[in-house]
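Quick one: sequence plus predicted model below, questions after.
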Amino acid sequence: MRTDSSPCHIERPMIRLTRKQVREIDRRSIEEFHIPGIVLMENAARAAAAVAMEMAKDYKSAVIVCGGGKNGAPSGSAIVAFALP
């Protein structure tokens with residue numbers, strides 16, 4: 001169990017969503033709550049980087065591989081978030 005005060009870590013079971021469910025959440029976040037898509041992407045990237053850093057905490061370096069498709073920008077954002085102290 002982690003004892004630091006990381007804002008990305010919440011103790012609860014992981015919720016698994018389908019692609020359709022995630023797209024609906026994104027759509028509603030943008031349309032109903034007026035959260036810009038770039039903000040959603042950056043928040044997801046920061047959370048992914050936090051998980052990656054936790055997984056790699058015992059290593060001195062890491063290799064991040066980004067696949068093709070429409071995931072380039074979020075992957076790039078995650079790399080930047082990973083590299084920041």
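Received, thanks.

rest of the way, CA atoms for contacts and neighbours
Fine.

those strands in this structure, which residues are they?
For the chain, strands defined by DSSP state E do not occur.

remind me which residues of it are low pLDDT?
1-11, 66-85 (pLDDT under 70).

90 instead?
Judged by pLDDT under 90, the chain has its weakly predicted residues at 1-15, 38, 40-85.

what about the longest helix in it?
If you go by DSSP state H, the chain has its longest helix at helix 37-55.

Run through the neighbouring helices and strands of that helix.
When contacts are defined as 3 or more CA pairs under 8 Å, 6 or more residues apart in numbering; DSSP states H and E, helix 37-55 sits against helix 19-31, helix 72-83.

For the longest one, could you pull out the residues that count as buried?
Same thing as helix 19-31. By 16 or more other CA atoms under 10 Å, the buried positions in helix 19-31 come out as 26, 30.

gap between the closest residue in space to Leu40 that isn't next to it in sequence and Val39?
The shortest distance from Leu40 to any residue other than its chain neighbours is 7.7 Å, reached at Asp26 (CA to CA, 6 or more residues apart in numbering). Look at Asp26 and Val39: by CA to CA, to the nearest Å, they are 11 Å apart.

cool, and Ala47?
Going from Ala47 to Val39 by CA to CA gives 12 Å.

residues in contact with Ser29?
Residues in contact with Ser29 (CA atoms under 8 Å, 6 or more residues apart in numbering) are Ile35.

Let's see that with 10 Å instead.
By CA atoms under 10 Å, 6 or more residues apart in numbering, the contact set of Ser29 is 23, 35-37, 40.

and it, how far is that from Leu40?
Between Ser29 and Leu40 the computed distance is 8 Å (CA to CA).
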